[in-house]
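Visitor: what's the 3D shape of this:
(chains A and B)
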Amino acid sequence: MHELAIALSLVDQLRRIAEREHATRITCVRIRVGPTSGVDGEALAFCFPMAAREYPSLEATQLQITTEPLQWLCLTCHKLFSEPSSEPVCPYCGALEHHLTGSDELTLESVELT
Amino acid sequence: MCETCGCSDALNHTHHDHDHDHDHDHDHDHDHDHEDHFHGTHTHDGHTHFHPPTPTRSVRVENDILAVNHAVAETNRRWLERYRIHAINLISSPGSGKTLLLEKTLKRLQNRIPTAVIVGDLQTDLDAQRLQGLGARVKQIETVNACHLDAERVSQVLPGVIDETTRLLFIENVGNLVCPAAFDLGETERVVLLSTPEGEDKPLKYPVPFIKASMVLVTKTDLAPHLTWKRDACLDALKRVNPSTTILELSALTGEGMDAWIHHLEQAVRLKG
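Guide: As a prediction, the model looks like this:
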């Protein structure tokens, strides 16, 4: 459950933004979670209220988390595709050789303030 | 300036355009939340009232949420570079053989390569005790309940565990295949262990640590004959998850395959000059 540590880092950043922007509340936070970041979006959303609970500016803050699945990169046609199977067939060229890829970003994209 | 609400930032927000006419028939006791949009003065049900404007505005941030960890990790990395230390972050499930590998590795490197070890565990200094007396400085970090090491914890113990003679640093992360993968510690190299009893499909089931590994050690190869271990399937899975990773197969217990690992360490240290 390292998402609590990540939620605490997020809360630190949000508090600084609220202060800098003279905001009384942050109503909404948008986050992008890359598939190789090692972070689970739902676990982060679960931990966030605990990390934020002592800060009135973060009361009832809504978390909008955008995630994307890991993708396979086809070694034949070099196209990306998503497929949960561990032995997928490329939907573009039918090849069987691929490797997994995806962004490792964990980005605080934007906030809504009042 | 925004003409609607008077705030200084006219570009970064929008206003609710309020074109509904309030002729709805609920009893309107005003306990609903008006904070997020601007009503201004309006009249309905025979009375006039005013809601002060509290518009929301949007601020673009685009910050790395783990920026603080990354900054400390970079400081660790620069510090290790300055001392010409090759640092390895060892990540695996609990029981994959990290500590036995270190025991055997330290024995082989003793009196040849000055080595230091940082060991992370939830509780106890049992691993640090196991690694004492093998010529390396060893420091245990008890994370108590934290499931991973972070750059800050490592930076706190670094000065006490390395000195100007140190050439190689092992950071044995908390036994956990998921959480440590998210935290850069400032290492030169990330090595993930996969022991044969864990199953050859583990890289596909837990891809993230393997995607980020520069080297994968398949450990406990001495157990393979007693298991339904499919070596080719494992190598294939690793190749599919991370085609650029280097794979070594070894048994720290019997010593099989250890030469290639030791050779890799010697070369890495030599490259640091």
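Visitor: which outside residues touch stretch A:75-92?
Guide: Residues outside stretch A:75-92 that contact it (CB atoms under 8 Å, 6 or more residues apart in numbering or on different chains): A:69-74, A:93, A:95-99, A:101, B:201, B:204, B:237. In short, each C-beta sits where N, CA and C put it, glycine included.
Visitor: buried ones among these?
Guide: A:70-74, A:98-99, A:101, B:204, B:237 (16 or more other CB atoms under 10 Å in any protein chain shown).
Visitor: quick check: next helix or strand after the longest helix along chain A?
Guide: Assignment by DSSP state H gives helix A:3-20 as the longest helix of chain A. Downstream of helix A:3-20, the next assigned helix or strand under DSSP states H and E is strand A:26-33.
Visitor: worst-scoring helix or strand of chain B, pLDDT-wise?
Guide: In chain B, the helix or strand scored least confidently by mean pLDDT, DSSP states H and E is strand B:40-44, which has a mean of 58.
Visitor: how about the residues of chain A by chain B?
Guide: Contacts of chain A with chain B, taken as CB under 8 Å from any CB of the partner chain, map to A:1-2, A:5-6, A:9-10, A:12-13, A:17, A:21, A:25, A:27-28, A:31, A:35-39, A:70, A:86, A:98-102, A:104-114.
Visitor: let's go with 7 Å and repeat that
Guide: Contact residues, chain A versus chain B (CB under 7 Å from any CB of the partner chain): A:1-2, A:5-6, A:9-10, A:13, A:17, A:21, A:27, A:36-39, A:70, A:86, A:98-100, A:106-114.
Visitor: check chain A and tell me which residue is nearest its centre.
Guide: Centroid-nearest residue in chain A: A:V33, 1.9 Å away (criterion: CA atoms, centre = their mean).
Visitor: which residue ranges of the stretch 151-273 of chain B form strands?
Guide: Here the stretch 151-273 of chain B has its strands, by DSSP state E, counting those that start in this stretch, at B:168-172, B:189-195, B:215-219, B:246-249.
Visitor: among those strands, show me which one is buried the most.
Guide: Compared across those, strand B:168-172 shows the largest average neighbour count, a mean of 26 (mean count of other CB atoms under 10 Å in any protein chain shown).
Visitor: look at B:I118 and tell me its secondary structure.
Guide: Classification of B:I118 by DSSP: H, G, I helix; E, B strand; the rest coil places it in strand.
Visitor: for the residue nearest to the centre of chain A, list each beta-bridge partner.
Guide: Counting by DSSP bridges, A:V33 forms beta bridges with A:T67, A:L106.
Visitor: circling back to that earlier point, just the buried ones from the residues of chain A next to chain B?
Guide: Buried members of the residues of chain A next to chain B, scored by 16+ other CB under 10 Å, are A:1-2, A:5-6, A:9-10, A:13, A:17, A:27, A:36-39, A:70, A:98-100, A:106-113.
Visitor: so which residues of the stretch 1-150 of chain B form strands?
Guide: Under the criterion DSSP E, counting those that start in this stretch, the stretch 1-150 of chain B contains strands at B:40-44, B:47-51, B:57-64, B:86-91, B:115-121, B:137-142.
Visitor: same list, those strands, but as TSV with mean neighbour count please.
Guide: Shown next, in TSV, are the strands of the stretch 1-150 of chain B (neighbours: other CB atoms under 10 Å in any protein chain shown):
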stretch	mean neighbour count
strand B:40-44	10
strand B:47-51	10
strand B:57-64	15
strand B:86-91	26
strand B:115-121	25
strand B:137-142	19
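Visitor: who wins for proximity to chain A among those?
Guide: Chain A lies closest to strand B:57-64 among the strands of the stretch 1-150 of chain B, at 4.6 Å (CB to the nearest CB).
Visitor: and the angle for the closest one with strand A:26-33?
Guide: Between the axes of strand B:57-64 and strand A:26-33, defined by axes from the mean of the first three to the mean of the last three CA atoms, to 10 degrees, the angle is 30 degrees.
Visitor: and strand B:57-64, how far out from the chain middle?
Guide: Relative to its chain's centre, strand B:57-64 lies at 24 Å (CA atoms, centre = their mean, to the nearest Å).
Visitor: name the helices or strands packed onto it?
Guide: If you count contacts as 3 or more CB pairs under 7 Å, 6 or more residues apart in numbering or on different chains; DSSP states H and E, strand B:57-64 packs onto helix A:3-20, strand A:106-113.
Visitor: so where is the chain shaky, pLDDT-wise?
Guide: Assuming you mean chain A. A:1 (pLDDT under 70).
Visitor: to clarify, I was referring to chain B.
Guide: Across chain B (using pLDDT under 70), the flagged ranges come out as B:1-53.
Visitor: pull up the residues of it that are close to chain A.
Guide: Contacts of chain B with chain A, taken as CB under 7 Å from any CB, map to B:35-36, B:54, B:56-66, B:68, B:147-148, B:150, B:178-179, B:181-182, B:204, B:207-208, B:211-212, B:240-241, B:243.
Visitor: so how far does stretch A:33-51 reach from one end to the other?
Guide: This stretch, stretch A:33-51, spans 18 Å end to end (CA to CA, to the nearest Å).
Visitor: and for stretch A:88-104?
Guide: One end of stretch A:88-104 to the other measures 22 Å (CA to CA).
Visitor: one more: stretch B:180-190?
Guide: End-to-end distance of stretch B:180-190 (CA to CA): 11 Å.
Visitor: likewise stretch B:226-234?
Guide: Span of stretch B:226-234 from end to end, CA to CA: 16 Å.
Visitor: what does that stretch contact?
Guide: Residues from elsewhere that reach stretch B:226-234 (CB atoms under 7 Å, 6 or more residues apart in numbering or on different chains): B:196-197, B:200, B:218, B:224.
Visitor: for ChimeraX, write the select line for the buried members of those.
Guide: In ChimeraX, a selection of the buried entries from the contacts of stretch B:226-234 looks like this (16+ other CB under 10 Å):
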select /B:196,197,200,218,224
